[in-house]
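Q: Quick one: sequence and predicted model below, then my questions.
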Amino acid sequence: MSRSSDAPLTHTLIVDTKTPATEITVINASGRAIVRGVSKLVAKLEPALYKIRYRVGDQVVDQLVELPEQEPELNVEVPALPILSAAPLRDSGPDFEVMQELLTRRGPDPTKPSSIFLFVISDPESTEHPSDFPLSPGSGISIHKFSGEKVGDMGGARVQQGCCGVTFHVDPGRYILRIENPPGAPVEQTLVAIDGWQVQFYGRLVRKIAATSNDTDRFTWQLDTTRSGVLLIEEPATELPSDHVMRITAAARQALAAGRAVSAPDPEMIDQLLEEKFKNPMLGIYAGHLMAMQDPVNNDLLRRVVNRLTGLVGDHPDVTALLIPLKDPRAETLVYNEPPMLRRSWSIIVNASTPERDLRPPRSYAARIGASLWGSGAWLAWRKPPELESPARSADSLTALLASAISGELASAVLKLINTSDPKPKLTPDESAVARYLAVASAQVRQAKQFTEEDDQKSTLGFVYPIVRWFADSELLRDTKQALSPAQMTKTTGLPYSTILDAAASLSSKLGLDKGASVVSQLFASLKLK
């Protein structure tokens, strides 16, 4: 078949993944991306061999496809997409059967309008021998109130096929999911129980090599929190959604975890989310946050999604956080005593906070975790923060420390304290975050001073500048100093201003500073750094 040079033969390529948040890229023989789409792609192309790349979050699958001259239209058979569903699917075998049995074993509690279901799976890909599965997969996993009261744990949960699950009937509210493994301080995250709904947490244990004092390998099972999944199921929660709904929910979670704003829902998915019969709040929450990441944001559509979600789950922190990018009047009164579930919500809250009005009240749990964030992925997780102390909170300590940083002579002193092997002045995560900010800031000032001196020396009036600099900073040095402020510190560290004040007071004490004397002179005298 021949073609004219002015009318190239084009055929239609159709790629329909039927999965929102799936990015599709068609790549030609030269390795150049020539057309892109999300969920579904229809393109007019010349007959040739193409590579189709499917991306779900940070997972990628490639497929070679030939668009033949003999066929005017080609519907591509989409391969298995790289979707990592934390919850077992119906075709997954015994995992799903065990989960279904455990889900229905414990009946509803008429005195408790909501519940939390925890299910842990030992990843069969981590070992070739099922006999190596942990004897108690749920060991070290528990639920607590933010007040400190323990609700229950999975330690005694019945184990089947390396899986275990348990249901806790609770009052609506925010709860802590506490995980004792991986090693170190417990890892925590928020679960939100909602009236009339069951919040379901699915975690996967993976087998890892543990550090040992000899050359022999020792294995340990650890919860892979980056792959954990959360569903919201209407009570009575006796049946999971279809595998298709589970997959598209997992795909949206992966896209959000990877920060893929380009994967925001297509109009068809939005229409489904807004239907009264469509009740999948977690998919809606993921979709709303993906939409809020786009530039520009479709505020009208996002507002409709937020209103729909509010009607389903009420005052959910990951829904109310979306009022902030919408600049909704209700956002002006938002307060977060407890952290949200999603890392993306946390970013919105931190960016909206200022020293004058932080959305995380002083000494609240949300204010205490800023320097203890842990891991990656869609979920906001943190190491259990240390117990509250009662330092003498005052802006004076912070002002003095910032002045010392601006003097340019604080970096080595703070770094010595950070890196000391002496356990006595050991820093808390909050103190460490403030100290490292001060050390970097001080180093930046010293560097700006050095650049200024070099530029002054090169000037024809270089002999005058040493006198001028006693009275006026260079533009570079002035801008560097002005960037050092409480507001910038809250943005950089992610800590609330109240927490920074606490950390500054205790950090000053650990630096050995006495009241009434020069901060810089005491600092250098106490650490012998003159």
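A: All right, it came through fine.
Q: What's the mean pLDDT across the host helix or strand of I500?
A: Assigned by DSSP states H and E, I500 belongs to helix 497-510. Summarised as a single mean, pLDDT over helix 497-510 is 82.
Q: Give the buried residues for that helix.
A: 497-508, 510 (16 or more other Cβ atoms under 10 Å). Quick note: C-beta positions are derived from backbone N, CA and C, even for glycine.
Q: for stretch 295-308, same thing?
A: 301-302, 305-306, 308.
Q: same question, stretch 144-159
A: Applying 16+ other Cβ under 10 Å to stretch 144-159 flags 144, 146, 151-154, 157, 159 as buried.
Q: Dump it to PDB, restricted to CA.
A: Extracted in PDB, the C-alpha atoms of stretch 144-159 (Å, rounded to 0.1, in the frame of the first residue of the first chain):
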ATOM      1  CA  HIS A 144      -4.900   3.900  71.000                       C
ATOM      2  CA  LYS A 145      -6.800   7.100  71.700                       C
ATOM      3  CA  PHE A 146      -4.900  10.300  71.400                       C
ATOM      4  CA  SER A 147      -5.400  10.800  75.100                       C
ATOM      5  CA  GLY A 148      -3.100   7.800  75.600                       C
ATOM      6  CA  GLU A 149      -5.800   5.100  76.500                       C
ATOM      7  CA  LYS A 150      -5.200   1.800  74.700                       C
ATOM      8  CA  VAL A 151      -8.200   0.500  72.800                       C
ATOM      9  CA  GLY A 152      -6.800  -3.000  72.000                       C
ATOM     10  CA  ASP A 153      -4.100  -4.800  70.000                       C
ATOM     11  CA  MET A 154      -3.700  -7.700  67.500                       C
ATOM     12  CA  GLY A 155      -1.400  -9.700  69.700                       C
ATOM     13  CA  GLY A 156      -3.900 -12.400  70.400                       C
ATOM     14  CA  ALA A 157      -5.600 -12.400  67.000                       C
ATOM     15  CA  ARG A 158      -6.200 -15.800  65.400                       C
ATOM     16  CA  VAL A 159      -3.700 -16.600  62.600                       C
END
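Q: For it, which outside residues touch it?
A: 102, 116, 118, 120, 135-143, 164-166, 168, 170, 173-176, 178, 337-338, 365 (Cβ atoms under 8 Å, 6 or more residues apart in numbering).
Q: got it, and stretch 15-23?
A: 24, 26, 36-42, 52-57, 75-76, 78, 81, 83, 244, 247-248, 251-252, 254-255, 260, 262-266, 269, 286-287, 290.
Q: Buried among the residues you listed? Need that as a selection in PyMOL.
A: The following PyMOL line selects those of these that are buried, judged by 16+ other Cβ under 10 Å:
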select buried, resi 24+26+37+38+39+40+41+52+54+55+56+57+76+78+81+83+247+248+251+252+254+255+260+263+264+265+269+286+287+290
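Q: Take the buried residues of stretch 295-308 and write them to TSV, including secondary structure and distance to W221.
A: Formatted as TSV, these follow (DSSP: H, G, I helix; E, B strand; the rest coil; distance: Cβ to Cβ, whole Å):
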residue	secondary structure	distance to W221
L301	helix	43
L302	helix	40
V305	helix	38
V306	helix	39
R308	helix	40
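Q: which of these lies closest to V199?
A: R308 (18.7 Å; Cβ to Cβ).
Q: Tell me who's in contact with the nearest residue in space to the closest one that is not next to it in sequence.
A: Spatial nearest neighbour of R308, excluding adjacent residues (Cβ to Cβ, 6 or more residues apart in numbering): L274 at 5.5 Å. Listed by Cβ under 8 Å, 6+ apart, the contact partners of L274 are 304-305, 308.
Q: Quick check, pLDDT for L274.
A: pLDDT, read off for L274, is 78.
Q: what do you get for L240?
A: pLDDT at L240 comes out at 76.
Q: Pretty sure it sits in a helix.
A: No - assigned with DSSP: H, G, I helix; E, B strand; the rest coil, L240 falls outside any helix and is coil.
Q: Any idea how many residues pack against it?
A: 19 (other Cβ atoms under 10 Å).
Q: For it, give me its contacts.
A: 87, 99-100, 103, 231, 233, 246.
Q: Least confident of those?
A: Across these, the smallest pLDDT goes to L103, namely 68.
Q: Summarise which helices and strands the helix holding I500 is packed against.
A: Packing partners of helix 497-510 (3 or more Cβ pairs under 8 Å, 6 or more residues apart in numbering; DSSP states H and E): helix 365-368, helix 395-406, helix 429-458, helix 486-493.
Q: one more time with 10 Å
A: Here helix 497-510 touches helix 365-368, helix 395-406, helix 411-419, helix 429-458, helix 486-493, helix 519-527, going by 3 or more Cβ pairs under 10 Å, 6 or more residues apart in numbering; DSSP states H and E.
Q: Tell me the buried residues in the fifth one?
A: Pointing back at helix 486-493 there. Quick answer for helix 486-493 (16+ other Cβ under 10 Å): 486, 489-490, 493.
Q: likewise the fourth one?
A: Counting neighbours by 16+ other Cβ under 10 Å, one finds that the buried residues in helix 429-458 are 429-446, 448-449, 452-453, 456.
Q: which intervals of the stretch 201-350 of the chain have sub-threshold pLDDT?
A: Along the stretch 201-350 of the chain, segments meeting pLDDT under 70 span 209-219, 276-277.
Q: Make TSV from the contacts of L274 and add distance to Q63 to it.
A: Output for the contacts of L274, formatted as TSV (distance: Cβ to Cβ, whole Å):
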residue	distance to Q63
R304	35
V305	32
R308	35
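Q: Can you tell me who L74 pairs with across the strands?
A: L74 has these beta-bridge partners by DSSP bridges: L13.
Q: which residues sit in contact with it?
A: Residues in contact with L74 (Cβ atoms under 10 Å, 6 or more residues apart in numbering) are 11-15, 45, 47, 65-68.
Q: Restricted to strands, list the contacts of stretch 144-159.
A: Under the assignment DSSP state E, these contribute 116, 118, 120, 141-143, 164-166, 168, 170, 173-176, 178 to strands.
Q: Just the buried ones from those residues, in ChimeraX syntax?
A: Buried members of the ones in strands among the contacts of stretch 144-159, defined by 16+ other Cβ under 10 Å, are picked up in ChimeraX with:
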select :116,118,120,141,142,143,164,165,166,168,170,174,175,176,178
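Q: any idea which residue sits dead centre in this protein?
A: In the chain, the C-alpha nearest the mean C-alpha coordinate belongs to R343, at 3.0 Å (Cα atoms, centre = their mean).
Q: which residues touch the spatially closest residue to that one that is not a sequence neighbour?
A: Nearest residue to R343, sequence neighbours excluded (Cβ to Cβ, 6+ apart): L380, at 4.5 Å. The neighbourhood of L380, defined by Cβ under 10 Å, 6+ apart, consists of 188-190, 318, 339-347, 349, 366, 369, 373-374.
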